[in-house]
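# Give me a model of this one.
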Amino acid sequence: MNLTNLFDLSLIARRAEPALEFSARTFSFGELDIRSNKLANLLAARGFQRGDRLCVYLSNCVELIDLYVACVKLGVIFVPINILYREREIAHILADAEPKAIISATSLSTVSTSSSITSINPADLTAAAAHFSDKRPQIPLDGDAPAALVYTSGTTGTSKGAILTHNNFAANALNLVACWQISSADRFLLALPLFHVHALGNGLHCWMLAGCRMRLLERFEHQRASDEFLAFRPTLFFGVPTIYVRLLDIAPADAQQIGRQMRLFVSGSAPLPAQILEEFRALFGHTILERYGMTETLMNLSNPYIGERRPGSVGFPLPGVSLRLLDAAHNPVPDGETGEVYLRGPNIFAGYWRREQATSEAFHDGYFRTGDLATRSEDGYYTLSGRKSDLIISGGFNIYPREIEEFLQEQPEIAEAAVVSAPDRVRGEVPIAYVVAKNAFNPADIERRCRDKLASFKVPRQFITVEKLPRNALGKIQKHLLPRK
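As a prediction, the model looks like this:
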């Protein structure tokens, strides 16, 4: 079975029902099926075959969805590119993926210098597709066929392409639809970018599998957020921590009305500070469900839909996902101690595109090495401690930046915080904190509070005020871009 078979639960079984709202237009599932069939036939006529790559450099739009579904039907590998990327980053992906074409609404000099890659405007493609048959192409595909090649954020080196199969996406969507009780009765508001696995892997696939009505926004605009919620009346929303921070600015009366209509708020792609979860619960009357995933693995763990959604925790492994917490010698760590997260399951990617050594190094004993650190409580809840590469070793003591960041963000003067290492002649390295202030503060006061609540070796040696923390498109802090002092 492949993704087309699952999508048919909506494309065929709910053919006449409203599926997608975008830019004041509404499309039925049947219309989306026809649009993607025509597009698949056009791509086939232009020489696209199973296994070919198609790069897509677009903001959220219905054409992006058409292209993805067409690729799924045709066996073409969909390669989304972050719309915030510029020529250098795009050039790397094009050279690595070697696509037959790139779909872009803007002219790219990177493409104009390449004789092997065709650049196509999405409007021109849609217009041309209108003249093709709406009969679905019959391409034999099994679940192990690659569906997408999604490039990692590249925060620690050159971006690598993660090969995600039909089975990966299917297992992920089936898990989330079941565990989060997503159904055709939901009204789903999606404001996240479809070039990222959060919106593509979770949002698009859960919507298509469940057959609910989705309103897609080109982007999240916090000034219009309240109006969008009140007008569409969603029951389901996927966000990242920075979005939830913005939603705290909504007027209490509107927040309460939004909360009465909502069924589930989900957060991921970056750690959700416990303080934000508590403030959001007080304002909207909902406890955000936090989960944990990666580009290479889609979703791994989730707080329960029914049961305690523990602040700061990412809950339990999803069905079919096996997890080990191991130390540097690959020995299991006991509950309460920190170890690296190793994962195995049907959600784990097939490997890095054309990088056999990187793929081999990413696995141990059949488990994927995530590079993320976590602890497990006695009752089974997992809490992430940060990236293994973020670990600070000061005078022989291990320091996990997230612990310090959480404490700093509890202080009334501080909106956000990022803790990194700085070289130290005596201790090797020490923690320093970059903070976004809500208002003026005295660093000595913050340091004193840290010393009252944290071990002395965890106290930041500097508090550096910045206007904002550098983030990627999904709100994950990019610590390597912080100005070094």
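# Break the protein down into its domains, please.
The chain breaks down by automatic domain parsing into domains covering 3-190, 220-387, 391-481.
# ok, Arg260 - how many residues close by?
As a burial measure, Arg260 scores 11 neighbours (other CB atoms under 10 Å). All C-beta atoms are positioned from the backbone trio N, CA, C, and that covers glycine.
# Please list all residues in contact with it.
Arg260 makes contacts with Gly285, as judged by CB atoms under 8 Å, 6 or more residues apart in numbering.
# ok so, going back, I'd like the domains of the chain written out as JSON lines, with mean pLDDT and distance to Arg213 added.
What follows is these, written out as JSON lines (pLDDT from 0 to 100; distance: least, CB to CB, whole Å):
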{"stretch": "domain 3-190", "mean pLDDT": "93", "distance to Arg213": "5"}
{"stretch": "domain 220-387", "mean pLDDT": "95", "distance to Arg213": "9"}
{"stretch": "domain 391-481", "mean pLDDT": "87", "distance to Arg213": "24"}
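# Put together JSON lines for those, with distance to Leu209 on each row.
Shown next, in JSON lines, are the domains of the chain (distance: least, CB to CB, whole Å):
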{"stretch": "domain 3-190", "distance to Leu209": "5"}
{"stretch": "domain 220-387", "distance to Leu209": "13"}
{"stretch": "domain 391-481", "distance to Leu209": "22"}
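# for the ones you listed, which one sits closest to His198?
domain 220-387 (5.0 Å; CB to CB).
# Of the domains of the chain, which is nearest His196?
Evaluated with CB to CB, these place domain 391-481 nearest to His196, the distance being 5.4 Å.
# quick one, helices of the stretch 351-485 of the chain?
Secondary structure of the stretch 351-485 of the chain by DSSP state H, counting those that start in this stretch: the helices cover 356-361, 401-409, 443-453.
# Which one, of those helices, ends up nearest to Ala374?
Among the helices of the stretch 351-485 of the chain, helix 401-409 comes nearest to Ala374, with 10.3 Å by CB to CB.
# which strands and helices sit next to the closest one?
With contacts taken as 3 or more CB pairs under 8 Å, 6 or more residues apart in numbering; DSSP states H and E, helix 401-409 sits against helix 274-284, strand 382-387, strand 414-424, strand 428-437, helix 443-453.
# middle-most residue in this structure, spatially?
The geometric centre of the chain, computed from its C-alpha atoms, lies nearest to His198 (CA atoms, centre = their mean), at 3.2 Å.
# Just the pLDDT for it.
With respect to pLDDT, His198 scores 93.
# Now do the buried residues in the longest helix along the chain.
The residue-count maximum for a helix in the chain (DSSP state H) belongs to helix 29-45. By neighbour count on 16 or more other CB atoms under 10 Å, the buried set for helix 29-45 is 29-44.
# Need phi/psi at Met305.
Wrong residue type there; residue 305 is Tyr, not Met. The phi and psi values for Tyr305, taken as degrees, to the nearest 10, are phi -70, psi -40.
# Tell me who's in contact with it.
Applying CB under 8 Å, 6+ apart, the residues near Tyr305 are 179-181, 264, 289.
# what sits against Asp144?
The contact partners of Asp144, by CB under 8 Å, 6+ apart, come to 165-167, 350.
# Just say helix, strand or coil for it.
coil (DSSP: H, G, I helix; E, B strand; the rest coil).
# Surely Ile243 touches Leu474?
No. Counting by CB atoms under 8 Å, Ile243 does not reach Leu474; the two are 9.7 Å apart.
# re earlier: just give me the closest of the contacts of Asp144 to Ala16.
If you rank the contacts of Asp144 by distance to Ala16 using CB to CB, His166 comes first, at 26.5 Å.
# How many residues are close by that closest one?
23.
# Now do the phi/psi pair for it.
Main-chain torsions, His166, degrees, to the nearest 10: phi -60, psi -40.
# before we move on, the earlier item: redo the helices and strands packed on helix 401-409 as a markdown table? Include distance to Glu337 and mean neighbour count.
Shown next, in a markdown table, are those (distance: least, CB to CB, whole Å; neighbours: other CB atoms under 10 Å):
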| stretch | distance to Glu337 | mean neighbour count |
| --- | --- | --- |
| helix 274-284 | 21 | 18 |
| strand 382-387 | 10 | 21 |
| strand 414-424 | 21 | 19 |
| strand 428-437 | 20 | 20 |
| helix 443-453 | 21 | 14 |
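# Which one, of those, ends up nearest to Phe78?
Closest among the helices and strands packed on helix 401-409, using CB to CB: strand 382-387, at 27.6 Å.
# Give me the residues contacting the closest one.
When contacts are defined by CB under 8 Å, 6+ apart, strand 382-387 is touched by residues 271, 292, 301, 312-317, 323, 338, 341, 371-377, 400-403.
# same for the helix or strand hosting Cys206, what does it pack against?
Secondary structure from DSSP states H and E places Cys206 in helix 205-210. Secondary-structure packing of helix 205-210 (3+ CB pairs under 8 Å, 6+ apart): helix 3-11, helix 166-179, strand 187-190.
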